[in-house]
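Visitor: sharing a sequence plus its predicted fold:
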Amino acid sequence: MTDFVFLPLVSMGIFTIGVYVLFLDTDLLRKIMALNFMASSVFLLLISIASRSNPAVDSIPHGFILVAIVIMVSLTALALMLARRIYQITGQLYLLEDKNDMGEPL
Amino acid sequence: MSVYSVKLILIILLLSILELGLASAVLFMPDPTINLTEVMYEQLANTNMTNPLSAIIVHFRSYDVLLSISTLFIAIIGIWTIFYSTPIIEKTEYHYDTPLMQPFPQLLLLIIFVVTIGYILWRVTELAIIAFHIGAVLAGIALFLRLKQTTRKPKIKNSMFVRLVLSGGLLVFASIAFSVVAIDYQLSNTLILLIELSIIILIALSLLIFFMARPNIQNN
């Protein structure tokens, strides 16, 4: 039961780090990594919810996670491919909206 | 106090509010009204399986597995579409001059492969759980073998073989599922095992295609 205080706090902390990087960093690779961070924190949260139940560990959230891993891998692959295409076209790994008047990344 | 540090303090404050809000939402979550674990253990005897997670995936969440495989399929289609969308500047030679690409002990890959196959045979009833991980290990082995061949360009083209295997995984899934229903749920655990084996191959190939497959640019 003590896990259910510690693990949600840790997972939400990781989620907050992901939100920070996703919104305030311009590097596309870091944004993709932040998405992965957020997904991992949600997995951790689901595992901590699973440890809450009696008499044994609840297996249903574990099933969610097994499916979610596959989806997260597909999403990451597609996002990396898009980032690579942006790099090939523009030569930079940030979005064109994310630059100031001097043409530098924020 | 500069503008930068005020901004930083504001960001940290906002993020801590977000963190505390999310954590409090989770920590003060009400207890579930139905104890699903008890229900699950009552129904476990009907499934002829010992592992509850395996039973849940095979008997409750097979649509989830089908749709997650479809997601991999759609991701591959998206990747190929992005490849086709703009002209590709192809590098003709590949040099991987990292320590990992030095003469690599083939024995290690062989050991990993043998352990993986042994693990499949050992936990064959729980294959539903480990399918993705086994597929990922197999794809990693194949990718490493591919990277060692520095002279040749990526071999898998957007050929008929790849297309057939990719769509064949979904077809095998659907046809076995229909046959399980057709023979009135006899041998269902054995047949589902076949699905899992096909899923392992499909996942390994899909993960490999993320890295290796190139559309055939001679078409245009």
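Guide: Structure received.
Visitor: which SS class is the residue nearest to A:Leu44 when sequence neighbours are not counted?
Guide: In space, and not counting its chain neighbours, A:Leu44 is closest to A:Ser11: 3.9 Å by C-beta to C-beta, 6 or more residues apart in numbering or on different chains. For glycine as for every other residue, the C-beta is placed from the backbone atoms N, C-alpha and C. Three-state assignment for A:Ser11 (DSSP: H, G, I helix; E, B strand; the rest coil): helix.
Visitor: show me the contacts for A:Ser11.
Guide: A:41-42, A:44-45, A:48 (C-beta atoms under 8 Å, 6 or more residues apart in numbering or on different chains).
Visitor: buried subset of those?
Guide: Using 16 or more other C-beta atoms under 10 Å in any protein chain shown as the burial test, those include A:41-42, A:44-45, A:48 as buried.
Visitor: residue of chain B nearest chain A, please.
Guide: Residue nearest to chain A within chain B (C-beta to the nearest C-beta): B:Ala75, separated by 3.6 Å.
Visitor: which bits of chain A sit near chain B?
Guide: Residues of chain A lying near chain B by C-beta under 8 Å from any C-beta of the partner chain: A:4-5, A:8-9, A:12-13, A:15-16, A:19-20, A:24, A:45, A:49, A:53-60, A:62-63, A:66-67, A:69-71, A:73-75, A:77-78, A:81-82, A:85, A:88-89.
Visitor: which among the contacts of A:Ser11 gets closest to chain B?
Guide: A:Leu45 (6.5 Å).
Visitor: low-confidence ranges in chain B?
Guide: B:1, B:86-105, B:148-159, B:213-220 (pLDDT under 70).
Visitor: ranges for the helices of chain B?
Guide: Per DSSP state H, chain B carries helices over the ranges B:3-27, B:36-43, B:52-59, B:62-85, B:106-122, B:127-148, B:160-182, B:188-212.
Visitor: ok, the residue in chain A positioned nearest to chain B - contacts?
Guide: Using C-beta to the nearest C-beta, the single residue of chain A nearest to chain B is A:Ser74, 3.6 Å away. A:Ser74 makes contact with B:71-72, B:74-75, according to C-beta under 8 Å, 6+ apart.
Visitor: are any of those residues buried, and which?
Guide: B:71-72, B:75.
Visitor: work out for me the element the closest residue in space to B:Leu67 that isn't next to it in sequence sits within.
Guide: Leaving aside its chain neighbours, B:Leu67 sits nearest to A:Val67 (7.9 Å; criterion: C-beta to C-beta, 6+ apart). If you go by DSSP states H and E, A:Val67 is part of helix A:60-90.
Visitor: pLDDT on that helix, on average?
Guide: Taken as a whole, helix A:60-90 has an average pLDDT of 89.
Visitor: give me the number of residues near the closest residue to A:Ile49 other than its chain neighbours?
Guide: Counting by C-beta to C-beta, 6+ apart, A:Ile49 lies nearest to A:Pro61, which is 5.6 Å off, once chain neighbours are set aside. A:Pro61 sits with 20 neighbouring residues when counted by other C-beta atoms under 10 Å in any protein chain shown.
Visitor: what is the neighbour count of residue 59?
Guide: Using chain A. 23.
Visitor: wrong chain, I was asking about chain B
Guide: Close neighbours of B:His59, defined as other C-beta under 10 Å, add up to 18.
Visitor: do B:Ser54 as well
Guide: When neighbours are counted by other C-beta under 10 Å, B:Ser54 registers 23.
Visitor: pretty sure it contacts B:Ile129?
Guide: Yes: between B:Ser54 and B:Ile129 there is a contact under C-beta atoms under 8 Å: 5.6 Å.
Visitor: show me the contacts for the residue most central in space within chain B.
Guide: Averaging the C-alpha coordinates of chain B gives a centre point, and the residue nearest to it by C-alpha atoms, centre = their mean is B:Phe132 (4.5 Å). By C-beta under 8 Å, 6+ apart, the contact set of B:Phe132 is A:66, A:69-70, B:203.
Visitor: A:Leu82 now?
Guide: By C-beta under 8 Å, 6+ apart, the contact list for A:Leu82 reads B:Ile82.
Visitor: go on, the one 5 residues further on?
Guide: The contact partners of A:Tyr87, by C-beta under 8 Å, 6+ apart, come to A:Leu93.
Visitor: which outside residues touch stretch B:23-37?
Guide: By C-beta under 8 Å, 6+ apart, stretch B:23-37 touches A:4-5, A:8-9, A:12, A:45, A:49, A:53-60.
Visitor: mind picking the two most distant members of the residues you listed?
Guide: Largest separation among the contacts of stretch B:23-37 by C-beta to C-beta: A:Met12 and A:Pro55, giving 27.3 Å.
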